[in-house]
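K.L.:
Got a predicted model here, sequence first, then my questions.
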Amino acid sequence: MSYPHFLVMPYPILGHMNPLLQFSQVLANHGCKITFLITEFNQKRMKSEIDHLGAQIKFVTLPDGLDPEDDRSDQPKVILSLRNTMPTKLHRLIQDINNNNNALDGDNNKITCLVVSKNIGWALEVAHKLGIKGALLWPASATSLASFESIPRLIDEGIIDSETGLPTRKQEIQLLPNSPMMDTANLPWCSLGKNFFLHMVEDTQSLKLGEWWLCNTTCDLEPGALAMWPRFLSIGPLMQSDTNKSSFWREDTTCLHWLDQHPPQSVVYVSFGSLAIVEPNQFNELAIGLDLLNKPFLWVVRPSNENNKVNNTYPNEFHGSKGKIIGWAPQKKILNHPAIACFITHCGWNSIIEGVCGGIPFLCWPFFSDQFINKSYICDVWKVGLGLDQDENGLIMKGEIRKKVEQLLGNEDIKARSVKLKELTVNNFDEGGQSSQNIEKFINWAKD
Ligand code: UDX
């Protein structure tokens, strides 16, 4: 049979769109046909990426059901709107594509498999009804996926409450064999509210219609989690191209020239991904803490706009003379630049994979959801970073930032392990590497 035609559909935030877009490119490079579904709202924000990738990937759109001025950082609202408005439209879209299939092509252009990210498990129900194969590409760690899968067991064992998902009492548990111990208060759904928890319980059920759960990870990074279920398939690290990322903000590439002027391993890079919001008091401490470093720093401060709640006001004491502040970074290039010494990160999974592939040590500053588990992997399992500790008021103080940067950069063991982990991780994509083999296996499954 000829190569399969995948309809790839991410939940519409960057942390999902980037890995699915990168995976789409991998599939396209193997000869597969890709149709990539985005929301009409994001189409406007992604024009340059669509132009850039248009020859390889066909982009199609559907409305997200929200008004233009609605706050799209309000995840429960987005999740609900997609679920209420999109299934019928998706059903029709697939039917239209398959019915308009050119008779001369035989079945070649018919969609044969739907690949979705999390929060839109209902899309797999649509595929199932249409008799189309389905798979999940989980945009975070295999361990966090396993944690959602473990919810019924955690309820049965009385560890969490069935209605809210919150821990019944304070305790440390080991979620999976070989995974780090974790405080139950840091289970990924605990910081996101009851509605999100109930949604995830329902979503995880629908995601079971996906025959494969593809994870942007490797068997060296998360052996325990990947061994838990046969449907887990590691296909990471998704790092093939520098130019294949969608970004809602304009990348400021002037920082690359600025980095060129700095000696190797001298610059501290600070970025908290696309969603985390640094509250004003914390923002002040961070700004002054960076000033206190005897190192240059490159700091991503996302611009405020009508659709987010970012409020960036620099404290009067802040000089910033050793640093460069940008609105949005070409992050993968930065993390592969020799001038970077370490990465202060919110521990979003994509940022971690990118940092690991750059061989960079981490300073961990998790905000919510899976970011706490990810921090444990960095600090306790791979041992390629340190955590930043909050004071009694829940703030990470300027002195703590300075102290931990110095500790991290003085630790040769951590640096050596970071370089070793990079080698182990990127090898997965070499010919014969585990992720390469898994991708072949996945494509062959979709062909049958
Ligand atoms: C979300 C969740 O918040 C996170 O917990 C989960 O693990 C993945 O989905 P996000 O917070 O955006 O993602 O973080 P992350 O996963 O790190 O993804 C951010 C992406 O934006 C990365 O690919 C990173 O390279 C990119 N980025 C970030 C830039 O290109 N430039 C920047 O300036 C900052």
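P.N.:
Yep, that arrived.
K.L.:
which bits of the stretch 1-150 of the chain sit near the ligand?
P.N.:
Leu14, Gly15, Asn18, Pro139, Ala140 (C-beta under 6 Å from any ligand atom). Every residue, glycine included, has its C-beta placed from N, CA and C.
K.L.:
Tell me, how many residues neighbour Cys357?
P.N.:
Cys357: 20 surrounding residues under other C-beta atoms under 10 Å.
K.L.:
Moving along the chain from whichever helix in the chain runs longest, name the first helix or strand you hit.
P.N.:
Longest helix of the chain, by residue count under DSSP state H: helix 75-99. Next helix or strand after helix 75-99 toward the C-terminus (DSSP states H and E): strand 113-116.
K.L.:
Who are the packing partners of that next one?
P.N.:
strand 5-9, helix 122-129, strand 133-138 (3 or more C-beta pairs under 8 Å, 6 or more residues apart in numbering; DSSP states H and E).
K.L.:
JSON lines for these, including mean neighbour count and mean pLDDT?
P.N.:
JSON lines is the format used below for those (neighbours: other C-beta atoms under 10 Å; pLDDT from 0 to 100):
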{"stretch": "strand 5-9", "mean neighbour count": "25", "mean pLDDT": "98"}
{"stretch": "helix 122-129", "mean neighbour count": "21", "mean pLDDT": "98"}
{"stretch": "strand 133-138", "mean neighbour count": "24", "mean pLDDT": "97"}
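K.L.:
burial measure for Leu409, as a count.
P.N.:
Leu409 has 19 neighbours, counted by other C-beta under 10 Å.
K.L.:
Can you tell me the closest non-neighbouring residue to it?
P.N.:
Ala341 (5.7 Å; C-beta to C-beta, 6 or more residues apart in numbering).
K.L.:
From the chain's centroid, how far away is the lowest-mean-pLDDT helix or strand in the chain?
P.N.:
When each helix and strand of the chain is scored by mean pLDDT, DSSP states H and E, helix 47-53 comes last, with a mean of 84. Its chain's average C-alpha position is 21 Å from that of helix 47-53, according to C-alpha atoms, centre = their mean, to the nearest Å.
K.L.:
On the C-terminal side of it, identify the next helix or strand.
P.N.:
Remark: after helix 47-53, the chain's next helix or strand is strand 58-62, criterion DSSP H and E.
K.L.:
That following strand: partners in the sheet, and parallel or antiparallel?
P.N.:
Strand pairing for strand 58-62, determined by DSSP bridges: strand 33-39 (parallel).
K.L.:
For the strand it pairs with, report the contacting residues that lie outside it.
P.N.:
Residues outside strand 33-39 that contact it (C-beta atoms under 8 Å, 6 or more residues apart in numbering): 3-10, 12, 17, 20-21, 24, 27-28, 46, 56-64, 90, 93, 97, 108-109, 111.
K.L.:
tilt between that strand and strand 5-9?
P.N.:
Following axes from the mean of the first three to the mean of the last three C-alpha atoms, to 10 degrees, one obtains 20 degrees for the angle between strand 33-39 and strand 5-9.
K.L.:
Mind giving me the packing neighbours of whichever helix or strand comes after strand 33-39?
P.N.:
Next helix or strand after strand 33-39 toward the C-terminus (DSSP H and E): helix 40-45. Contacts defined by 3+ C-beta pairs under 8 Å, 6+ apart place helix 40-45 against strand 58-62.
K.L.:
what are the C-alpha coordinates of the strand it packs on, in PDB please?
P.N.:
These are the backbone C-alpha positions of strand 58-62, laid out as PDB (Å, rounded to 0.1, in the frame of the first residue of the first chain):
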ATOM      1  CA  LYS A  58      -1.200  21.200   3.800                       C
ATOM      2  CA  PHE A  59      -2.800  23.500   6.400                       C
ATOM      3  CA  VAL A  60      -6.600  23.500   6.900                       C
ATOM      4  CA  THR A  61      -8.600  25.500   9.500                       C
ATOM      5  CA  LEU A  62     -11.700  25.300  11.600                       C
END
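K.L.:
Flag every buried residue along that strand.
P.N.:
Within strand 58-62, the residues scored as buried using 16 or more other C-beta atoms under 10 Å are Lys58, Phe59, Thr61, Leu62.
K.L.:
Next, the contact list for the first one, please.
P.N.:
When you say that, I think you mean Lys58. With the criterion set at C-beta under 8 Å, 6+ apart, Lys58 makes contact with Lys33, Ile34, Thr35, Phe36.
K.L.:
Please report how far the last one lies from Ile111.
P.N.:
So that's Phe36. For Phe36, the distance to Ile111 (C-beta to C-beta, to the nearest Å) stands at 12 Å.
K.L.:
okay, those two: which has more neighbours?
P.N.:
Phe36 (25 against 21).
K.L.:
what pairs with that one across the strands?
P.N.:
Judged by DSSP bridges, the bridge partners of Phe36 are Val8, Phe59.
K.L.:
Check the stretch 51-200 of the chain for the residue nearest the ligand and tell me.
P.N.:
Nearest residue of the stretch 51-200 of the chain to the ligand: Ala140, at 4.0 Å (C-beta to the nearest ligand atom).
K.L.:
what sits against that residue?
P.N.:
By C-beta under 8 Å, 6+ apart, the contact list for Ala140 reads Gly15, Lys118, Trp349, Asp370, Asn374.
K.L.:
Then Asp70?
P.N.:
Contacts for Asp70 were tallied using C-beta under 8 Å, 6+ apart; they are Lys77.
K.L.:
Now do the phi/psi pair for the closest residue to the ligand within the stretch 151-300 of the chain.
P.N.:
Nearest residue of the stretch 151-300 of the chain to the ligand: Gly273, at 2.9 Å (C-beta to the nearest ligand atom). Backbone torsions of Gly273, given as degrees, to the nearest 10, read phi 70, psi -160.
K.L.:
Next, the buried residues of the longest helix of the chain.
P.N.:
Residues of helix 75-99 classed as buried by neighbour count (16+ other C-beta under 10 Å): 75, 78-79, 81-83, 86-87, 90-91, 93-94, 97-98.
K.L.:
relative to strand 58-62, how tilted is it?
P.N.:
Using the same axes, to 10 degrees, helix 75-99 lies at 120 degrees relative to strand 58-62.
K.L.:
of the contacts of Ala140, closest to Leu214?
P.N.:
Taking C-beta to C-beta as the measure, Leu214 lies nearest Lys118 of the contacts of Ala140, at 11.6 Å.
K.L.:
Do I have it right that that closest one meets Ser144?
P.N.:
No. Counting by C-beta atoms under 8 Å, Lys118 does not reach Ser144; the two are 9.4 Å apart.
K.L.:
can you list residues touching both of those two?
P.N.:
With C-beta under 8 Å, 6+ apart as the test, Lys118 and Ser144 both reach Trp138.
K.L.:
between those two, which one's more packed in?
P.N.:
More crowded of Lys118 and Ser144, by other C-beta under 10 Å: Ser144, with 26 against 22.
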